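# quick one, what's the 3D model for this:
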Amino acid sequence: MRFAKSGVAINALIAVFYLTLLPFVSHGFSMIRIGLSEDAALQSYLFTDEARVGNAAMMLHIFGGTLLVALVPLQLIRALRQRFNRFHRALGAVLIALALITGLSGMTYIPLRGTIGGPVMSAAFFLYGLCLFASALMLARMARIGNREGHWAWGLRLFWLALGSWLYRVHYTLWYLLTGGVGSEPDFSGPFDLVQNFAFFVPYLLAVQLWIIRKRSAHQGVLATIP
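Sure, this is the predicted structure:
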């Protein structure tokens, strides 16, 4: 009964999540369209004339990140894991590939172009990309060697990292709704901006790690699907 109620709650949260996702996905594909246009540099600071490698890296980052956010919650749906296990595994492989692409392309772009927020944002975002890339590699390794506990733990880490770009925007949306944007500047140099450089992924990783430590001894492989 407890697991049934938990499943209903998770499914309800996923449904609410997808209701909020449309603007995020729309924005992502709009940025890709801009990146493919001839005057991309005039439409967005993310792109520069004649910087083909940097522009391509950014478009891959946006494309991979948008799909990653849109698909990763499906892994939480218990019915899909239990009744359509092949789909669950195939989707897992796709998500790992998307995480690797998103992380690597972001880590390629930052040294070439930097970020609008300067060195602190660049360092934070590079660290985020590194965490995303490393988590995807570790999850793939755990799946390959059949380590259930490792698969479960790294799957949780990757899940929250995969939501990072969405969480970043949710934080800003809520902050502006509550305060009107106190401590935030157009060049992302305000105190809120500086904290937000890390707040969209570090606290979640710490919370996940505490959860893993707490649940490790009692874990029964609910999320793991490796035989």
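# now tell me what touches stretch 189-207 from outside.
Applying Cβ atoms under 8 Å, 6 or more residues apart in numbering, the external contacts of stretch 189-207 come out as 117-118, 120-121, 124-125, 127-128, 131, 157, 160-161, 163-165, 167-168, 171-172, 175, 181-185, 188. Yep, even glycine has a C-beta here, placed from its N, CA and C like the rest.
# filter those down to the ones in helices?
Members of these lying in helices (criterion: DSSP state H): 120-121, 124-125, 127-128, 131, 157, 160-161, 164-165, 167-168, 171-172, 175.
# spatially central residue in the protein, please.
In the chain, the centroid-proximal residue (Cα atoms, centre = their mean) is residue 162; its distance is 2.2 Å.
# okay, now the closest residue to that one other than its chain neighbours: neighbour count?
Nearest non-adjacent residue to residue 162, counting by Cβ to Cβ, 6 or more residues apart in numbering: residue 72, 4.3 Å away. Residue 72 is flanked by 23 other residues according to other Cβ atoms under 10 Å.
# contacting residues around residue 72?
With contact set as Cβ under 8 Å, 6+ apart, residue 72 has these partners: 95, 158-159, 162-163.
# three-state assignment of it?
Secondary structure state of residue 72, per DSSP: H, G, I helix; E, B strand; the rest coil, is helix.
# tell me how far the helix or strand encompassing residue 79 lies from the chain's centre.
In the assignment (DSSP states H and E), residue 79 maps to helix 78-83. Counting by Cα atoms, centre = their mean, to the nearest Å, helix 78-83 is centred 23 Å from the centre of its parent chain.
# flag the shaky bits of the protein, pLDDT-wise.
In the predicted model of the chain, residues 1-7, 217-227 satisfy pLDDT under 70.
# the residue nearest to the centre of the chain touches residue 69, doesn't it?
Yes. With contact defined as Cβ atoms under 8 Å, residue 162 counts as touching residue 69 (6.4 Å).
# in the chain, which spans are helices?
Under DSSP H, the chain gives helices at 2-36, 40-43, 52-71, 78-83, 85-113, 119-145, 148-162, 164-179, 191-199, 202-215.
# from residue 173, how far out is the closest residue to residue 170 other than its chain neighbours?
Nearest-residue entry for residue 170: residue 20, 7.7 Å, with adjacent residues in sequence omitted and distances by Cβ to Cβ, 6+ apart. Applying Cβ to Cβ, to the nearest Å, the value for residue 20 to residue 173 is 9 Å.
# next one: residue 157
With Cβ to Cβ as the criterion, residue 157 and residue 173 are 25 Å apart.
# I figured residue 18 hits residue 73, correct?
Yes. Assessed by Cβ under 8 Å, residue 18 is found in contact with residue 73 at 7.5 Å.
# show me which of these two is the more surrounded one.
With neighbours defined as other Cβ under 10 Å, residue 18 and residue 73 compare such that residue 73 has more, 19 against 13.
# quick one, what contacts the residue lying closest to that one once chain neighbours are set aside?
Closest residue to residue 73 apart from its sequence neighbours, by Cβ to Cβ, 6+ apart: residue 14 at 4.9 Å. Contacts for residue 14 were tallied using Cβ under 8 Å, 6+ apart; they are 73-74, 76-77.
# can you pick the most crowded of those residues?
residue 73 (19 neighbours).
# for residue 201, phi and psi?
phi -140, psi -30 (degrees, to the nearest 10).
# report how many residues lie close to it.
Applying other Cβ under 10 Å, I find that residue 201 has 22 neighbouring residues.
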